[in-house]
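Student: pasting the sequence and the predicted coordinates here, then a few questions.
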Amino acid sequence: MSTDTIRLSDRTRHIALSATMKGTIEAERLRRQGVDVVDLGAGEPDFPTPAHITAAAHAALDSNFTKYTANPGLTELREAVAARCLQDHGIAVQASEVIITAGGKQALHHAAMALFGPDDEVIAHTPGWPTLTEQVKLAGASPVVVRTHEDEGFELRADALLAAVTPRTRGIVINSPGNPTGALLRDAEAKKLATEAARRDLWIVIDLCYDRLIYDNAPHNLVKIFAEAMRDRLILAGSASKSYAMTGWRCGWMIGPTAVVQAANALQSHETSNVSSITQKAALAALTGPQQCVQDMLNEYKTRRDQVLSWLAEEPRLRAVIPSGAFYLFPSVSDFLSPNGYRTSLEFSDALLKQEHVVTTPGEAFDAPGFIRLSYATSLDRLREGVTRLIRFGRAGTGVFSTV
């Protein structure tokens, strides 16, 4: 049967493959051809998973811990998530308020499916991770996107988010530190937003994926601020992926009111069931074991951030806001664009990959044309090479764009 005659559901026609994955796919194709590719598009740590975590996984295998677990996750792991929340944020939660998920992405999907539906509006922010709005669409709700601005460091502002509230608004989704900008919702802004969200009976969903990767001791305790104002309408999505270099293990968690967690458990029971038993044991070791590995990775990211910023300064047209967290830079390439050359940052990024074999993610992937995302989750040597090629490409001028 021709694929042209296959009728797909409306939900699949309204979403697209994550744009953040496209560069990775093309880079892999070039590598198979023997091309020296510098990958600055990766949204994952380049560090190995810490040894005490992998040791726990080996121990689980050696003891044949390979069967199903309880659908919402091991009780001791859910308790460990709760204990981490108390230690890191000063907020006590119960294991019954936690479900273990296949990464933070599934936790966010559970929240969208459990809380939002047709006729609802859900506020998000841009430049932002596209999955957040796509999941709102999958739930049948309508995303309303609030734009942040380069001249404000891409930081979230409570007034801007609240200005987007209408009688149909059901909730607000926040990613802080944010992907792709590394920007924060500052504590003062969070307090203002929490007070108003509580007064208006809105749900707040917070993506805490990068919460432990924050630089320069910037105050950032959104969990405590929102929990004290609106504990009964707060959802937290966490993950082991970035903090512990465990992206491939696929382990995250959702914290929320028991009724929402129970709804998520019902959804998960028909989707993926429990997270891998071996992964859960590894995540337990991550959360309860030594935490110096997190600080060590953060220190290295900061060194890389500062070094890449200094290298980018060699080309004044590559303007970049200093990120407060995560491991991305989001420089503007608008000065390299023109009607007769590369018209968009997507064309710029594609040509950079074809000509200089440097993977970046165009701003269009984050609803922010004119920018590219650079990940510094790779070695300083590769970062130096990637920035060198990027600057050389920019200074070579912009001819008429070609896909050849």
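Tutor: Alright, I've got the coordinates.
Student: before we move on, what SS does the most centrally placed residue in the chain have?
Tutor: If you average the C-alpha coordinates of the chain and look for the closest C-alpha using Cα atoms, centre = their mean, you land on Asn179, 5.2 Å from that point. In terms of secondary structure, Asn179 is coil; the call rests on DSSP: H, G, I helix; E, B strand; the rest coil.
Student: end to end, how far does stretch 153-168 reach?
Tutor: 30 Å (Cα to Cα, to the nearest Å).
Student: with stretch 230-248 instead?
Tutor: Using Cα to Cα, the end-to-end distance of stretch 230-248 comes out at 33 Å.
Student: what comes up buried for it?
Tutor: Along stretch 230-248, the positions that meet the burial threshold by neighbour count (16 or more other Cβ atoms under 10 Å) are 230, 233-247. In this view, the C-beta of every residue, glycine as well, is placed from N, C-alpha and C.
Student: alpha carbons of the longest helix seen in the chain, as CSV, please.
Tutor: With DSSP state H setting the assignment, residue counts place helix 292-312 as the longest helix in the chain. What follows is helix 292-312, C-alpha atoms only, in CSV (Å, rounded to 0.1, in the frame of the first residue of the first chain):
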residue,chain,number,x,y,z
GLN,A,292,30.6,15.2,44.2
CYS,A,293,30.3,13.9,40.6
VAL,A,294,27.5,16.4,40.0
GLN,A,295,29.7,19.3,41.2
ASP,A,296,32.7,18.0,39.2
MET,A,297,30.7,18.0,36.0
LEU,A,298,29.3,21.4,36.8
ASN,A,299,32.8,22.8,37.4
GLU,A,300,33.9,21.5,34.0
TYR,A,301,30.9,22.9,32.2
LYS,A,302,31.6,26.3,33.7
THR,A,303,35.2,26.1,32.5
ARG,A,304,34.0,25.2,29.0
ARG,A,305,31.3,27.9,29.0
ASP,A,306,33.8,30.6,29.8
GLN,A,307,36.3,29.4,27.4
VAL,A,308,33.9,29.1,24.5
LEU,A,309,32.6,32.6,25.2
SER,A,310,36.1,34.0,25.0
TRP,A,311,36.7,32.2,21.7
LEU,A,312,33.4,33.4,20.2
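Student: quick check: mean pLDDT of it?
Tutor: Over the span of helix 292-312, the pLDDT mean works out to 98.
Student: the helix or strand just after that helix pairs with which strands, parallel or anti?
Tutor: Counting by DSSP states H and E, the next helix or strand C-terminal to helix 292-312 is strand 328-329. Taking DSSP bridges as the criterion, strand 328-329 sits next to strand 372-375 (antiparallel) in its sheet.
Student: about what we covered before: for the longest helix of the chain, buried residues please.
Tutor: Neighbour counts over helix 292-312 (16+ other Cβ under 10 Å) mark 293-294, 297-298, 300-302, 304-305, 308-309, 311-312 as buried.
Student: ok, now stretch 180-200?
Tutor: Under the neighbour-count criterion of 16+ other Cβ under 10 Å, stretch 180-200 has 180-186, 189-194, 196-198 buried.
Student: off-centre distance for that stretch?
Tutor: Relative to the centre of its chain, stretch 180-200 is centred 18 Å away, using Cα atoms, centre = their mean, to the nearest Å.
Student: do stretch 202-209 as well
Tutor: From the chain centre to the centre of stretch 202-209 is a distance of 12 Å (Cα atoms, centre = their mean).
Student: who's in contact with it?
Tutor: Contacts made with stretch 202-209 from outside it, assessed by Cβ atoms under 8 Å, 6 or more residues apart in numbering, are listed as 104, 108, 111-112, 115, 129, 132, 165, 169-176, 179, 193-194, 197, 222-223, 226, 230, 233-239, 241-242.
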